[in-house]
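Visitor: coords please:
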Amino acid sequence: MKQFLKDLFANQSYDENNFFLIAGPCVVENEELLTEVADKVSTVCKRLGIPYIFKSSYRKANRTSTSSFTGVGDDTGLSLLKKIRDTYNLPVTSDIHAHDEAAMAAEYVDILQIPAFLCRQTDLLLAAAQTGKIVNVKKGQFVSGPSMKFAVEKINKAGNKKVMLTERGTTFGYQDLVVDYRNIPWMQAHDVPVIMDCTHSLQQPNQTTGITGGNPQLIGTIAKAALAAGADGLFIETHPNPSVAKSDAANMLKLDLLENLLEQLVRIREAVV
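Guide: Here you go, the predicted structure:
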C-alpha cells in the first residue's frame, strides 16, 4: 500500500493485506441517508479489517436530463460530508467538475475524484493536483488503461504524487459498457493504486428515457473478478433503497446486501495475496 494511503487510514484498524473500499450513496440527498450508510458500512469494514473511504457527490454535474437531481447545494452538501468525516473519523471523497471547484472542495474532503468524462481535462487535473489532496482519476469510457499515464503525468508534474486511477468500464456500442480487466495491471504499471468501480461499470447509458439503466445484479461478479485481477481497491455505491435514490438508482447496491458481499470478497482477497 502506498504511503499516502497508509497516512489516510492512520486512524483505522485494518488488515494491511486487504483491499480498500470506497462506498456510499451516489449523491448527498440528506443527512439521514449519509449517517445511515456511514454507520453501517464503517461497522462492517471495521469487523472485516477493510480500510474504508466514505463517498458521496455533493453535486452531480453530468446528468442526462435537465430534470435530474443535481444536489442539495454545494455548501450544504460539502458541510454534510465534513460532518460524516468528523463524526465517524473517516476519510471522505467527492467528485469535482471544474477547476474552480478544486480548492473549495479540498477544504471539506480528503480525496478529489475526477469524473471519467473529464479525465483528460488538463486545467481540472492541475487544479486538483495543486490542492495537495489525493486525486482519484476515473478512466474515461473512451480511454485505454495505458493512455491514462498522461493523466498521472499531469498531476505528478504539478507536484502531486498522490494519485489513484479507477477502472469504470469501456463504451460498448451506444448503450452499454464492458469491463476490460487488462486495464487493472496496465494502470498499475503507472505506479499508482488502481480501483475497480463495481457500480458505474454496469451502467447502460444513453437510454431514450433520459435515465441511465444498469445491471446491479452483476456488482458481485465485477468485484470478485477485479480482486482476482489484482485491484487495490473497490468502489461500490450503495443505498438503503436504490429504487427511490435520486441518482444512479439503477446501479447502486442495496445496503443490506453489502455485508455478505464484502465477506465473500475478503475471502477472495486472502486467496489472491
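
Visitor: CA only for contacts and neighbour counts going forward, please
Guide: Fine.

Visitor: surely L21 touches D232?
Guide: No - assessed by Cα atoms under 8 Å, L21 is found out of contact with D232, at 9.1 Å.

Visitor: how many neighbours does F4 have?
Guide: Per other Cα atoms under 10 Å, the neighbour tally for F4 reads 14.

Visitor: next: D180.
Guide: Counted with other Cα under 10 Å, D180 comes out at 14.

Visitor: I'd assumed it was in a strand, is it?
Guide: No - with DSSP: H, G, I helix; E, B strand; the rest coil as the criterion, D180 is coil rather than part of a strand.

Visitor: residue contacts, it?
Guide: For D180, the contact set (Cα atoms under 8 Å, 6 or more residues apart in numbering) comprises 169-170.

Visitor: in the protein, which residue is most central in space?
Guide: In the chain, the residue lying closest to the centroid (Cα atoms, centre = their mean) is F235, at 4.6 Å.

Visitor: how near is K133 to E36?
Guide: For K133, the distance to E36 equals 26 Å [Cα to Cα, to the nearest Å].

Visitor: name the residue in these two with the higher neighbour count.
Guide: Using other Cα under 10 Å as the criterion, K133 and E36 rank with K133 on top: 21 against 14.

Visitor: show me what contacts the more buried one?
Guide: Counting by Cα under 8 Å, 6+ apart, K133 touches 106, 110-112, 162.

Visitor: let's see 10 Å
Guide: 4, 102-103, 106-107, 109-112, 160-163 (Cα atoms under 10 Å, 6 or more residues apart in numbering).

Visitor: do the same with A231
Guide: Neighbours of A231 in contact, by Cα under 10 Å, 6+ apart: 19-20, 166-167, 181, 183-185, 188, 193-196, 223-225, 269.

Visitor: ranges for the helices of the stretch 101-250 of the chain?
Guide: Ranges of helices in the stretch 101-250 of the chain, per DSSP state H, counting those that start in this stretch, are 102-106, 122-130, 149-157, 183-188, 219-228.

Visitor: what's the burial count for the nearest residue to L177 once chain neighbours are set aside?
Guide: Closest residue in space to L177, ignoring its immediate chain neighbours: T171 at 4.7 Å, by Cα to Cα, 6 or more residues apart in numbering. The tally of other residues near T171 (other Cα under 10 Å) stands at 18.

Visitor: quick one: pLDDT of T171?
Guide: pLDDT recorded at T171 is 94.

Visitor: distance between stretch 121-132 and the chain's centre?
Guide: Centroid separation for stretch 121-132 versus its chain: 18 Å, with Cα atoms, centre = their mean, to the nearest Å.

Visitor: swap that for stretch 114-121, sorry
Guide: So, by Cα atoms, centre = their mean, the centroid of stretch 114-121 is 13 Å from its chain's centroid.
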